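Peer 1: Just a sequence and a predicted model for now, questions to come.
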Amino acid sequence: MDKIIVRGGNTLHGTVKVEGAKNAVLPILAASLLASEGKSTLLDVPALSDVDTINEVLRHLNAEVSYSVNDNKVEVDAQGNLEAEAPFEYVRKMRASVQVMGPLLARNGHARVALPGGCAIGSRPIDLHLKGFEAMGAAVTVGNGFIEARVNGRLIGAKIYLDFPSVGATENIMAAATLAKGTTILENCAREPEIVDMANYMNKMGAKIKGAGTDTIRIEGVEALHGAVHNIIPDRIEAGTFMIAAAITNGNVLIENAVPEHLASITAKLEEMGVSVVEENEGLRVIGQPILKSVDIKTMPHPGFPTDMQSQMMALMLKAQGTGVITETVFENRFMHVEEFRRMNANIKIEGRSVIINGPNDLQGAEVAATDLRAGAALILAGLVSEGYTQVTELKHLDRGYVNFHQKLVSLGANVERVNDEVKVREEEAVRV
Ligand SMILES: CC(=O)N[C@H]1[C@@H](OP(=O)(O)OP(=O)(O)OC[C@H]2O[C@@H](n3ccc(=O)[nH]c3=O)[C@H](O)[C@@H]2O)O[C@H](CO)[C@@H](O)[C@@H]1O
Ligand SMILES: C=C(OP(=O)(O)O)C(=O)O
């Protein structure tokens, strides 16, 4: 098992390049199943374990997938007959596997996907996805740990109002509606940049989607879709994480490829804390300040402050002066990292869906575990400004969402190392022999 060891105290300087967005590439790869003619070529695909997982799901469903990691390119050929079932071994590894349901149902009239179950950040039901499929004429049943959806012939366009602007439900329903008979109007839908990217890809495939990025999306169903070439948008959460890395170390870092409009809520909070964020041609430059002001933050669907930046922002708030409150409104249980921060000497209190942080904190290095992928990044960020050594374990979470995270930090001047405990033990044994 790998762990990351951070020695705190270095200021970060230089340039770091953001990869393609995990949360765009996963639903887009799932949507490539919609193409009954021609291949799709996806570019700027990040080399993440989640991409390996979704590729395995697509292969299991009988699509041909070739992944050229060095070129950040995936080609998908889904022209053959598709299987209907995504088993638990994949869904357990990665919830986004449920995003194949809409495409399969639309293309095959049948999808059987393992129920996702619980997750480190909350229970995460998919009732809104299923209500959407039902509104379009599918019969949905749940049993033996699987959800099954079937429709005789094509789905039928419908008017669907989401009770909450769920990202996954918006994507799954939008994909299903591309091949439905008639028009689907999806109201109170999610407005994340990744939804717009997915809609752009499906429009290149021949879909007729309008309004992605607003709270109402209109999808006119077509008879068939074809493969398309598409570049994945830059990852705003990876960009935001490096913005915090610059701010927390009082550094000066250019985050290349960051899209300023995607990062407005994060930029606004950093500026409120006293950090400078400057737009440059290549991306965003973040310049830290020795003294940071505490702020209050509430996570919200886009364009609000993203829940996927909550734990990294918490790391930064630990170093700010005064009292700040972070309220999590998107997920019911996304504070698992608080206990880990406490192990690093942080003064934080959980009150219901909020945490209260009194700062600045003199953080101390400790052995801590990544409880989810963003928590993993947040603990490493805290380690950058802690006294002594911080060891972060459970890196399988981090690898789901960050490409070469520690190497990128090292290139900016951080003292970070990734070690494999098992290899070390084996080497020691070899020496003994
Ligand atoms: C692969 C991917 O893109 N993941 C992102 C996606 O997850 P995901 O698509 O799972 O997130 P959702 O927007 O669907 O979930 C938001 C909230 O709605 C609830 N809900 C959702 C669907 C449903 O049918 N019923 C229901 O109650 C969830 O439990 C959660 O409390 O958006 C989240 C919110 O921005 C991000 O944190 C994740 O990184
Ligand atoms: C929660 C996240 O992802 P997922 O929905 O894939 O678990 C995330 O990217 O922070």
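Peer 2: Arrived safely. Ligands and ions are numbered 1, 2, ... in the order given.
Peer 1: how about the strands of the stretch 151-300 of the chain, start to end?
Peer 2: 159-161, 183-187, 208-210, 216-220, 225-226, 229-231, 252-256, 276-280, 283-287, 297-298 (DSSP state E, counting those that start in this stretch).
Peer 1: will you turn those strands into JSON lines that also has mean neighbour count and mean pLDDT?
Peer 2: The way it works is simple: take the backbone N, C-alpha and C, and place the C-beta from them, glycine included. Below are the strands of the stretch 151-300 of the chain laid out as JSON lines (neighbours: other C-beta atoms under 10 Å; pLDDT from 0 to 100):
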{"stretch": "strand 159-161", "mean neighbour count": "15", "mean pLDDT": "98"}
{"stretch": "strand 183-187", "mean neighbour count": "19", "mean pLDDT": "98"}
{"stretch": "strand 208-210", "mean neighbour count": "16", "mean pLDDT": "98"}
{"stretch": "strand 216-220", "mean neighbour count": "20", "mean pLDDT": "98"}
{"stretch": "strand 225-226", "mean neighbour count": "22", "mean pLDDT": "98"}
{"stretch": "strand 229-231", "mean neighbour count": "17", "mean pLDDT": "98"}
{"stretch": "strand 252-256", "mean neighbour count": "21", "mean pLDDT": "98"}
{"stretch": "strand 276-280", "mean neighbour count": "14", "mean pLDDT": "98"}
{"stretch": "strand 283-287", "mean neighbour count": "22", "mean pLDDT": "98"}
{"stretch": "strand 297-298", "mean neighbour count": "20", "mean pLDDT": "98"}
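Peer 1: Just tell me which of the ones you listed ends up closest to residue 94.
Peer 2: Set against residue 94 and scored by C-beta to C-beta, the strands of the stretch 151-300 of the chain come closest in strand 229-231, at 20.9 Å.
Peer 1: Let's have the strands of the stretch 151-300 of the chain in CSV, adding distance to residue 1.
Peer 2: Output for the strands of the stretch 151-300 of the chain, formatted as CSV (distance: least, C-beta to C-beta, whole Å):
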stretch, distance to residue 1
strand 159-161, 44
strand 183-187, 43
strand 208-210, 43
strand 216-220, 43
strand 225-226, 42
strand 229-231, 35
strand 252-256, 30
strand 276-280, 37
strand 283-287, 32
strand 297-298, 33
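Peer 1: nearest to ligand 2, of the ones you listed?
Peer 2: strand 297-298 (15.9 Å; C-beta to the nearest ligand atom).
Peer 1: who's in contact with that closest one?
Peer 2: Applying C-beta atoms under 8 Å, 6 or more residues apart in numbering, the contact partners of strand 297-298 are 269, 304, 305, 310, 313, 317, 324, 325, 326, 327, 329.
Peer 1: isn't the fifth one right up against residue 241?
Peer 2: No: using C-beta atoms under 8 Å, residue 313 is not in contact with residue 241; the gap is 9.9 Å.
Peer 1: Need the phi and psi values for the residue of the chain found nearest ligand 2.
Peer 2: For the chain and ligand 2, the shortest gap (C-beta to the nearest ligand atom) falls at residue 308, measuring 3.8 Å. Dihedral pair for residue 308: phi -70, psi -10, per degrees, to the nearest 10.
Peer 1: and if you look at residue 165?
Peer 2: phi -70, psi 70.
Peer 1: Show me what from the stretch 101-250 of the chain comes close to ligand 2.
Peer 2: Within the stretch 101-250 of the chain, the positions near ligand 2 by C-beta under 6 Å from any ligand atom are residue 121.
Peer 1: Around residue 114, count how many other residues there are.
Peer 2: Using other C-beta atoms under 10 Å, residue 114 is surrounded by 19 other residues.
Peer 1: quick one, phi psi at the closest residue to it other than its chain neighbours?
Peer 2: Here the nearest residue to residue 114 in space, its sequence neighbours aside, is residue 88; by C-beta to C-beta, 6 or more residues apart in numbering that works out to 3.7 Å. Per-residue torsions, residue 88: phi -60, psi -30 (degrees, to the nearest 10).
Peer 1: Neighbours of residue 88, how many?
Peer 2: The criterion is other C-beta under 10 Å. On that basis, residue 88 has 15 neighbouring residues.
Peer 1: Was I right to think the residue of the chain closest to ligand 2 contacts residue 374?
Peer 2: Yes: using C-beta under 8 Å, residue 308 is in contact with residue 374, at 5.5 Å.
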